[in-house]
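Asks: coords please:
(chains A and B)
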Amino acid sequence: SQQGEEDPQALSIQEGENATMNCSYKTSINNLQWYRQNSGRGLVHLILIRSNEREKHSGRLRVTLDTSKKSSSLLITASRAADTASYFCSTDMFSGGYNKLIFGAGTRLAVHP
Amino acid sequence: DSGVTQTPKHLITATGQRVTLRCSPRSGDLSVYWYQQSLDQGLQFLIQYYNGEERAKGNILERFSAQQFPDLHSELNLSSLELGDSALYFCASSGGGGAETQYFGPGTRLLVL
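Replies: Here you go, the predicted structure:
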């Protein structure tokens, strides 16, 4: 099973509304990252939050991290049609002697004008 | 533009054939990662190279192989292709060999007929 799992799998909202996506993980992490993928394109890094941070902002994005619950949330405020994309969380996992990123299955966000 | 380039953008081939996908990392990045993304499997990590050496292996089939050259570009070789190999193949790069931010290329869309 995935180290990071997003919830919900799909989200449909109207422009101007806020969108909240959640990510849960299983093992201890050093950092958690959120990426965005427009349809058929490469993933784009949005934000990185370290395990000793609880909240981080970047423009209309707000990420929280609760290490006691092993979960994170990504909030997009005042959504726009251009925010329509899939959003992935990734966590670092130590395996085989190295630290590597593990991606979740993603949340598909549709923002309707 | 992430600075990671991938060629070709599209590839259509027949079952049983062999193809090579190419990736050039961002300038200065030492790590290259390969991912496969299909509709039903999500983003699957295949393999990572760091400064010319294999660093980590994921769900890579024995029919697939990769290498990283002295100039740090990488190639992913897919052989004895099957219909199920049809997918988007992404390359990503990062500066070091750990779980830091990865920068993704635009991907190669492979269709096996």
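Asks: please count neighbours and contacts with C-alpha atoms only from this point.
Replies: Fine.
Asks: give me the most central residue, chain B.
Replies: residue B:34 (3.2 Å; Cα atoms, centre = their mean).
Asks: state the mean pLDDT of the helix or strand hosting it.
Replies: In the assignment (DSSP states H and E), residue B:34 maps to strand B:31-38. Mean pLDDT, computed over strand B:31-38, is 94.
Asks: any part of it near chain A?
Replies: No - using Cα under 8 Å from any Cα of the partner chain, strand B:31-38 never reaches chain A; the gap is at least 9.6 Å.
Asks: tell me how far the closest residue in space to residue B:79 that isn't next to it in sequence lies from residue A:72.
Replies: Nearest non-adjacent residue to residue B:79, counting by Cα to Cα, 6 or more residues apart in numbering or on different chains: residue B:18, 4.1 Å away. To residue A:72, residue B:18 is 41 Å away according to Cα to Cα, to the nearest Å.
Asks: follow-up on the earlier one: figure out how far the strand holding residue B:34 is from the centre of its chain.
Replies: Averaging C-alpha positions (Cα atoms, centre = their mean, to the nearest Å) puts strand B:31-38 4 Å from its chain's average.
Asks: from the chain's centroid, how far away is the helix or strand bottoming out on mean pLDDT in chain A?
Replies: Lowest by mean pLDDT, DSSP states H and E among the helices and strands of chain A is strand A:98-103, with a mean of 79. On the basis of Cα atoms, centre = their mean, strand A:98-103 sits 15 Å off its chain's mean C-alpha point.
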